[in-house]
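Colleague: I need the structure of the sequence given here:
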Amino acid sequence: MKNFSSKGIRFSGDSIKSCVGFIDLVDSTKNTITMANLGHVRIYYSKFINSISKIVKSYGGKVIKNIGDCILFYFPKTSNNKNEEAFREAIECGLKILDSRYVVNQELSKQQLPPFSYRISMDFGVLDLALVGDYSQVDLFGSTINFCSKINSSLSIANQIVIGDNFYRILKSFSNIAANYNFINNGECKITETFGYSTYGIKKINKSSLDDNNNSSTTYPLRKKMLGSSTPHQIETQSKKGISFHKKNNNKRVILVDDEKDILFTYESFLKNNGYDIITFTNSSTALNYIKDLSNFDNLLVTLDIRMKDLNGFQLHQQIKAIDPTIKILFVTALDILDELLIIVPGLSKEQIMRKPIDKKEFTNTIKKLLK
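Modeller: Model prediction:
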């Protein structure tokens, strides 16, 4: 790793999974440009940064930096995705910021300063760590930060909390959170020209109204249950959808996606004696929906063909990485486009591309290496 000056930046090579958030001060440029007194501008921004930082800290969060009129923060304790209390604190932090706005705005009004309005976005995913300045301060980078920023900039209505699909899926796994908060489908945020990312608004349920509406707490779609079959290892077979799942006593999982059943049968036969949980899909959209419903993504690898109906391999790869960037991907294709793939797909290595027809030993060894 190249060393920079004491005022530079150094990527540590480490990463964590955590909840991250952006708070944008709406119309701050328009509000401050009319302030003739520079002291008022300083008071205005200081009030914003200090009031938000105090609340974030009180809920176990940490402010990383302010970017103009936007504050980036994260919650270190959410690195454990089973820590329900940490995730509840992250939600409550956002709600507290919105509630406290009224008091802050009263104080601003006394100083004849314009009121605050916020756009708050939050998401969960992999955060790449870097050290800045004298290397004693941490900064965060990566696709999760970019997605959260995109969500924030896409919000047309101020003073609400909107979360990304990754954060939503974590929250909906906790029954107490599901019973106390409403999640409203906010549509898709356009990340690229061809890729949209699902987002949700979040509000606390008014307990006093629950007796009037017994369904108020049922805000999550029920998770689909895997049904047992007549054989001990075959958990699910849905031939119409092209799904078969053979469960072994191992937590390493391989999802095989190809629209040719014979090819899937061959891949599965190569892997069946290696102790993996193996799931096969002939429909790429069905595979994507299955992955979205998983509760965790540890030790998970997905093999993709490129030329498939519905979602092609490139589109499926992009959406899988949006769900969780740590999911391993192996492209298996008849196309001779190795160099093109390395350019088109960010972060892809030669070891993640195999040409058809595949060799059994090479196939199994590659998957073993990727899942080690």
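
Colleague: Contact partners for the nearest residue to N83 once chain neighbours are set aside?
Modeller: Counting by C-beta to C-beta, 6 or more residues apart in numbering, N83 lies nearest to K77, which is 5.8 Å off, once chain neighbours are set aside. For the C-beta atoms, the positions are set from N, CA and C on the backbone; glycine is no exception. By C-beta atoms under 8 Å, 6 or more residues apart in numbering, the contact list for K77 reads 60, 83, 86, 89.

Colleague: Let me know the closest of these to D139.
Modeller: Nearest to D139 among those: G60, at 19.4 Å, using C-beta to C-beta.

Colleague: Which helix or strand in the protein has the lowest average pLDDT?
Modeller: strand 234-238 (a mean of 35; mean pLDDT, DSSP states H and E).

Colleague: ok, back up a step: and the contacts of K77, which of them are in helices?
Modeller: Per DSSP state H, helices hold the following members of those: 86, 89.

Colleague: Widest-spaced pair of the contacts of K77?
Modeller: Counting by C-beta to C-beta, the most remote pair of these is G60 and N83, 10.1 Å apart.

Colleague: Quick check: phi and psi at the residue nearest to N83.
Modeller: With angles defined as degrees, to the nearest 10, K77 sits at phi -70, psi -20.

Colleague: Next: T192.
Modeller: phi -130, psi -180.

Colleague: pLDDT score for it?
Modeller: Predicted confidence (pLDDT) at T192: the value is 74.

Colleague: Could you number the chain from 409 rather than 1 from now on?
Modeller: All right, first residue 409 from here; so that's T600.

Colleague: show me the contacts for it.
Modeller: Q726.

Colleague: mind redoing it with 6 Å?
Modeller: T600 makes contact with no residue, according to C-beta atoms under 6 Å, 6 or more residues apart in numbering.

Colleague: any idea how far F555 is from it?
Modeller: T600 sits 11 Å away from F555, going by C-beta to C-beta, to the nearest Å.

Colleague: Surely N707 touches K660?
Modeller: Yes. N707 lies in contact with K660 (C-beta atoms under 6 Å); the separation is 4.4 Å.

Colleague: anything in contact with each of those two?
Modeller: Joint contacts of N707 and K660 (C-beta under 6 Å, 6+ apart) are L779.

Colleague: R577 versus the residue nearest to L719 when sequence neighbours are not counted, what's the distance?
Modeller: In space, and not counting its chain neighbours, L719 is closest to S692: 4.0 Å by C-beta to C-beta, 6+ apart. Going from S692 to R577 by C-beta to C-beta gives 19 Å.

Colleague: Below-threshold pLDDT in the chain: ranges please.
Modeller: Residues of the chain meeting the criterion pLDDT under 70: 409-422, 539-546, 614-658, 751-752, 754.

Colleague: Please settle this for me: is V570 part of a helix?
Modeller: No. Under DSSP: H, G, I helix; E, B strand; the rest coil, V570 falls outside any helix and is assigned strand.

Colleague: thinking again about what came up before, show me how to select, in PyMOL, the buried members of the contacts of K485.
Modeller: Listed next is the PyMOL selection for buried residues among the contacts of K485, using 16 or more other C-beta atoms under 10 Å:
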select buried, resi 494+497
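
Colleague: This completes my enquiry, with thanks.
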